[in-house]
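[1] Kindly return the folded structure for what I paste below:
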Amino acid sequence: MNSPLLPSREQTLARGMRRFEQRIAHCEALNRGYFWARVIVFFAGILLTWGAALRLGSRAGGVVFVAAFLLFTAVVILHRRLERWNEKFHIMRDLYAEQLARLTLAWDHIPTPVVSAAAPSSPLELDLDLTGPRSLHHLVDRAVSTQGSLRLAVWLSAGLPDCEKIARRQEVVQELKALPRFCSRLLLTFRQLTAQPLDAANLLDWLKLPVPEAALRRVLPWGTLLAFINITLFILNVIGVLPPIWLLSALAYAALYFANLGLISEFMLGVVRLDGELDKFQPLLYFIERYPYGKAAHLAEMCAPFTQAANRPGRLLGQVKWAAAAVGLRMNPVMGLLLNLLMPWDFWAAWLAARQKKRMVDLLPAWLDTFHELEALISLGMFAAQNPGFTFPHLQEAPQTALFMARQLGHPLLPPNSRVCNDFTCQSLGILNLITGSNMAGKSTFIRTVGVNLCLAYAGGPVCAISFKSAPFRLYTCIRLSDSLGDGFSYFYAEVKRLKGLLDAIRIPDLQTQVVESMPKTAAELPLLYLIDEIFRGTNNRERFLGSRAYIKELLGAPALGFIATHDLELAKLSDTHPHVRNYHFRDEVSGGILAFDYKIRPGVSTTTNALKIMAMEGLPVEDDCAGSLM
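    Numbering: from 1, shown residues only. This is a model prediction of the structure:
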């Protein structure tokens, strides 16, 4: 699907990388020139100043010194400006390299997501490679904060659709797809600020700190009065009008100050930490506030909390920054001592910070929530721009045609130049699609392809298909299982529990009277789409067949749509007596001792097996008559 576009997109990204590498090389050359220019101007200025002072007098030497100083300052300013441009070019080169890595699935060069669990936390995430290393989340995520990355991971692994939210997300994602400059500029702004991921909890923790209002109401008036009296008495003592009775007022002032300082210490430390966090967040929010959204009406509506004139973060966070800076002055021991001798500075600064905190209680969480939402949507928008051949899915609660229909459906975690896509349609609920085929033919990949694209659709992103229409389903998977020594579960028992959970999730055992048009509307009551790979693989052949057949009969006709991949060709005979069973298969061929697959799904039952072929090709012993069939 994407193959015809791939070379040109690779070349475009490679050209962008080379362009910025050339600019970096040019900056490095200029950087060396500016370094020597600074050295020459510095020493030349000293020599010329000394020479002019000796030959022409001190006034001439002063003029030369001022001129040399101004020239040196100009060179330093230009040098720093060059260094900023060089930093920007490095970041842009890295962004192009990351885009190329995402396009070609060069996993080692795709940055690890801010939120990256060592292992997925749910069966759905594990079965469909939704989170963790080399997962869908790893590929899509561009978030710069912990909360934004986590939000995207939750969207991708929900497995439960909300059609209204999906429609709203798609509107914004499609606009972001057409605004690559907005997305890249936001990433550039972040990387110019810090290399560490942002954590909004550090900002919100400030809002949770208790404000020492009682201490402030008690200390501020009396402390200010005592400070004024103390300064007045000190001045009168200095000019000889009064004896040093200011020492008594100073003692009273110090007693009041230190008796109440502990009441505001925790709050003050929280404000100091806030100052550093604002340095990271404020430029990002300010960029969103000032961006001209133009025709991107849905994006503009989403970013309204940043653009409302009365509550713009640029102005209000600037005021918070001033309050935090006032608190930060006390961190310098000398400055803190001088300021608190003149007035109860710490308490006035705490009062100012508490006043700003009251203004931010509602605004800051709303800004951050919108920012995290925007991060997740930007990730999906950049993913859509990176894959122009992908399409935005149509999710309809009462589809007029097929229940599930996809054209050229492919797996987004497979390289575009080797990805094989398939068409697939399911007309009604209660159907079980039984997929047979040889080892490595593509059965498991296909059922994962269905699941992972539904998860992308539920997140609001584009899917790897030319067209994609589906009713909303709850997703349930039983693909990758393992025994649990800690819980005392064998592999087979873990599978039994997972399959029992599927029957519980279906809830309604009979669909004889239910039709698609009357599908329930609440998310918890949506029909199920289940994906099973190799049912009951943890037991012997006879019991596996008997158990699988009985289990499949229980699924038939239920308010669900099923996909089961199996090697057991006997199960395909269920279609002879049960009209809800649909047989599909993948083929393989052996030519010249080489096993080949086309990964195309076809109706009917598989007519080939390849386990013994693979064993023989790898040198394992097989029966003579089986080995002869390979010739």
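
[2] Count the residues that sit near Ala143.
    Using other CB atoms under 10 Å, Ala143 has 28 other residues around it. In this view, the C-beta of every residue, glycine as well, is placed from N, C-alpha and C.

[3] Now do the SS call for it.
    Ala143 carries the three-state label coil when classified by DSSP: H, G, I helix; E, B strand; the rest coil.

[4] which ones are touching Phe69?
    Phe69 sits next to Gly45 when contact means CB atoms under 8 Å, 6 or more residues apart in numbering.

[5] hang on, I meant Leu413
    Contacts of Leu413 by CB under 8 Å, 6+ apart are Leu105, Asp129, Arg134, Ser135, Leu136, Leu139, Val452.

[6] So how do I select the buried members of those residues in PyMOL?
    To isolate the buried ones among these in PyMOL, judged by 16 or more other CB atoms under 10 Å, type:
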select buried, resi 105+129+135+136+139+452
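
[7] Secondary structure class of the residue nearest to Ile506 when sequence neighbours are not counted, three-state.
    Closest residue to Ile506 apart from its sequence neighbours, by CB to CB, 6 or more residues apart in numbering: Ala558 at 4.8 Å. Here Ala558 is recorded as coil under three-state DSSP.

[8] distance of the residue positioned nearest the centre of the chain from Val327?
    For the chain, the residue sitting closest to the mean C-alpha position, by CA atoms, centre = their mean, is Ser149 at 2.9 Å. Distance, Ser149 to Val327, using CB to CB, to the nearest Å: 31 Å.

[9] Same question for Gln308.
    For Gln308, the distance to Val327 - CB to CB - is 28 Å.

[10] more crowded one of these two?
    Set Gln308 next to Val327 and count neighbours by other CB under 10 Å: Val327 wins out with 24 against 12.

[11] what about that one, helix or strand, and which?
    helix 313-328 (DSSP states H and E).

[12] Next, the buried residues of the very next helix or strand once past that helix.
    Per DSSP H and E, the first helix or strand lying C-terminal to helix 313-328 is helix 333-342. Residues of helix 333-342 classed as buried by neighbour count (16+ other CB under 10 Å): Leu339, Asn340.

[13] and if you look at stretch 496-508?
    Of all the residues in stretch 496-508, those buried under the rule 16+ other CB under 10 Å are Val496, Arg498, Leu499, Leu502, Ile506.

[14] ditto for stretch 290-301
    So stretch 290-301, judged by 16+ other CB under 10 Å, has buried residues Tyr291, Tyr293, Ala296, His298, Leu299, Ala300.

[15] looking at it, the residue nearest to the centre of the chain is touching Val114, isn't it?
    Yes: the pair Ser149 / Val114 is scored as a contact, 3.8 Å apart, by CB atoms under 8 Å.

[16] who touches both of the two?
    Counting by CB under 8 Å, 6+ apart, the common neighbours of Ser149 and Val114 are Asp141, Ala143, Pro197.

[17] Neighbours of Leu475, how many?
    Leu475: 23 neighbours (other CB under 10 Å).

[18] doesn't it fall inside a strand?
    Yes: the assignment for Leu475 (three-state DSSP) places it in a strand.

[19] Give me the distance between it and Glu554.
    Leu475 is 19 Å from Glu554, by CB to CB.

[20] could you give the mean pLDDT of stretch 125-142?
    The pLDDT scores in stretch 125-142 average 93.

[21] and the end-to-end length of that stretch?
    19 Å (CA to CA, to the nearest Å).

[22] So for that stretch, what gets flagged as buried?
    Quick answer for stretch 125-142 (16+ other CB under 10 Å): 125-133, 135-142.

[23] before we move on, the earlier item: CSV please, covering the contacts of Leu413 and showing distance to Ala201.
    Output for the contacts of Leu413, formatted as CSV (distance: CB to CB, whole Å):
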residue, distance to Ala201
Leu105, 33
Asp129, 28
Arg134, 28
Ser135, 24
Leu136, 26
Leu139, 26
Val452, 31
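
[24] from the contacts of Leu413, which ones fall inside helices?
    Leu136, Leu139, Val452 (DSSP state H).

[25] For burial, what's the neighbour tally of Ser8?
    Counted with other CB under 10 Å, Ser8 comes out at 9.

[26] Quick one, grab the pLDDT at it.
    Reported pLDDT for Ser8: 72.

[27] Quick check: mean pLDDT of the helix or strand containing Leu248?
    Using DSSP H and E, the secondary-structure element containing Leu248 is helix 246-290. Averaged over helix 246-290, pLDDT sits at 83.

[28] Same check on stretch 37-44?
    Mean predicted confidence for stretch 37-44 is 92.

[29] what sits up against that stretch?
    Ala68, Leu71, Phe72, Val75, Val76, His79.

[30] Now, those residues that are in helices?
    Ala68, Leu71, Phe72, Val75, Val76, His79.

[31] Any of those residues buried? List them.
    Using 16+ other CB under 10 Å as the burial test, those include Ala68, Phe72, Val75, His79 as buried.

[32] tell me the helices in the stretch 51-200 of the chain, going along the chain?
    58-104, 123-128, 136-140, 146-156, 163-177, 180-193 (DSSP state H, counting those that start in this stretch).

[33] Please list the residues outside the third one that contact it.
    Helix 136-140 is contacted from outside by 102, 105, 107, 110, 112-113, 116, 128-132, 149, 152-153, 156-157, 379-380, 383, 412-413, 452, 455-456, 461, using CB under 8 Å, 6+ apart.

[34] quick one: it to chain centroid distance?
    8 Å (CA atoms, centre = their mean, to the nearest Å).

[35] from memory Ile378 sits against Cys183, does it?
    Yes: judged on CB under 8 Å, Ile378 makes contact with Cys183 at a distance of 5.1 Å.

[36] Which one of those two is surrounded by more residues?
    Set Ile378 next to Cys183 and count neighbours by other CB under 10 Å: Ile378 wins out with 25 against 20.

[37] Where does pLDDT dip in this protein?
    Within the chain, the segments meeting pLDDT under 70 span 1-7, 116-120, 398-401, 482-489, 507-524, 590-593, 608-631.

[38] What is the burial count for Pro170?
    One correction, residue 170 is Gln, not Pro. When neighbours are counted by other CB under 10 Å, Gln170 registers 23.

[39] picking up where we left off before, pick the one among the ones in helices among the contacts of stretch 37-44 closest to Gln319.
    Nearest to Gln319 among the ones in helices among the contacts of stretch 37-44 is Val76, at 32.3 Å by CB to CB.

[40] what helix or strand is Asp504 on?
    helix 491-506.

[41] helices and strands around that helix, which ones?
    Using 3 or more CB pairs under 8 Å, 6 or more residues apart in numbering; DSSP states H and E as the contact test, the elements touching helix 491-506 are strand 474-478, strand 528-533, helix 541-555.

[42] Switch these over to TSV; also include distance to Met360.
    Listed next are these as TSV, based on distance: least, CB to CB, whole Å:
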stretch	distance to Met360
strand 474-478	39
strand 528-533	44
helix 541-555	54
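
[43] most tightly surrounded among those?
    strand 528-533 (a mean of 24; mean count of other CB atoms under 10 Å).

[44] Run the angle between it and helix 491-506 for me.
    Strand 528-533 runs at 160 degrees relative to helix 491-506, counting by axes from the mean of the first three to the mean of the last three CA atoms, to 10 degrees.

[45] Good, we can wrap up now.
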